[in-house]
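*Asks:* My questions concern the predicted model and sequence given below.
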Amino acid sequence: MMSVAILDYDAGNLRSVETAFTHIGAEHSVIRDPEDVVTAERLVVPGVGDARAAMETLRSRGLDTAIHEFVRTGRPLLGICLGSQIVLDRSEENDAACLGLIPGETVAIPPGPGRKIPHMGWNTVQLLQDHAIFSGIDGGSSFYFVHSYVPRPADPEQVLAICEYGETFAAVVGRDNVVASQFHPEKSARTGLRMLSNFLSWRP
């Protein structure tokens, strides 16, 4: 099992991610510098909060360029929650230009009858593709969500799993060595921990 680097870019959610990797016995570290991003074996980009603020921090520290360099090496990257939104080209949230690792945009969950925003709590996820990140995970498993925006890849083939909340949205997206979940695997009990374990053994 390879080690994993968890990126700290002042977007929160680090402790629960660290705790989850500790629980599964994974060697891990929290990193903040571009040099550590480029040399990481595996990279996790977590986060909660505002897309524009997150991208401003990444750019001010040179971390956006470092993430692109990392992805070009072919090593695996996992985005979580906000990290699943900023891997796309753009977010509707304050019209933020994002990383562009997966073509598409992040859009707001539309209001609707009985639909509370943010979407918060456990929800069923339907797996659409046979991906290593889902090894040993049953279709129709539940994961924990907290979000007001959802990723919308330009290519439907890059939607790996979906969820229903008033309408269908992408719960997991992926392209080449990048995979990203809108839900929080680190807060999704045994099934979420299995997904994190799968990430550690995934060879794109």
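*Replies:* Yep, it's here. It should be emphasised that the depicted structure is a prediction, and the values quoted were computed from it without experimental measurement.
*Asks:* so what secondary structure elements neighbour the biggest helix by length in the chain?
*Replies:* In the chain, with assignment by DSSP state H, the single longest helix is helix 189-201. The contact analysis (3 or more C-beta pairs under 8 Å, 6 or more residues apart in numbering; DSSP states H and E) places helix 189-201 against helix 14-23, strand 142-147. Where you see a C-beta, it was placed from the backbone N, CA and C, and this is true even at glycine.
*Asks:* is it possible to export these to JSON lines including mean pLDDT, distance to residue 44 and mean neighbour count?
*Replies:* Output for the helices and strands packed on helix 189-201, formatted as JSON lines (pLDDT from 0 to 100; distance: least, C-beta to C-beta, whole Å; neighbours: other C-beta atoms under 10 Å):
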{"stretch": "helix 14-23", "mean pLDDT": "94", "distance to residue 44": "6", "mean neighbour count": "16"}
{"stretch": "strand 142-147", "mean pLDDT": "97", "distance to residue 44": "16", "mean neighbour count": "20"}
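*Asks:* With distance to residue 96 added, can I get these in a markdown table?
*Replies:* Shown next, in a markdown table, are the helices and strands packed on helix 189-201 (distance: least, C-beta to C-beta, whole Å):
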| stretch | distance to residue 96 |
| --- | --- |
| helix 14-23 | 21 |
| strand 142-147 | 15 |
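*Asks:* List the buried residues for the longest helix of the chain?
*Replies:* Neighbour counts over helix 189-201 (16 or more other C-beta atoms under 10 Å) mark 191, 192, 193, 194, 195, 196, 197, 198, 199, 200 as buried.
*Asks:* Work out the gap between that helix and the centre of the chain.
*Replies:* Counting by C-alpha atoms, centre = their mean, to the nearest Å, helix 189-201 is centred 13 Å from the centre of its parent chain.
*Asks:* Stretch 67-78 too?
*Replies:* 14 Å.
*Asks:* State the mean pLDDT of it.
*Replies:* In this model, stretch 67-78 has an average pLDDT of 98.
*Asks:* ok, the residue nearest to residue 111 when sequence neighbours are not counted - contacts?
*Replies:* Counting by C-beta to C-beta, 6 or more residues apart in numbering, residue 111 lies nearest to residue 117, which is 6.4 Å off, once chain neighbours are set aside. When contacts are counted by C-beta atoms under 8 Å, 6 or more residues apart in numbering, residue 117 touches 109, 111, 148.
*Asks:* change it to 10 Å
*Replies:* For residue 117, the contacting residues are 108, 109, 110, 111, 147, 148, 149, 165, 166, by C-beta atoms under 10 Å, 6 or more residues apart in numbering.
*Asks:* And for residue 173?
*Replies:* 79, 84-85, 87-88, 101-102, 104, 150-153, 155, 158-161, 179-182.
*Asks:* and the gap between it and residue 157?
*Replies:* For residue 173, the distance to residue 157 equals 10 Å [C-beta to C-beta, to the nearest Å].
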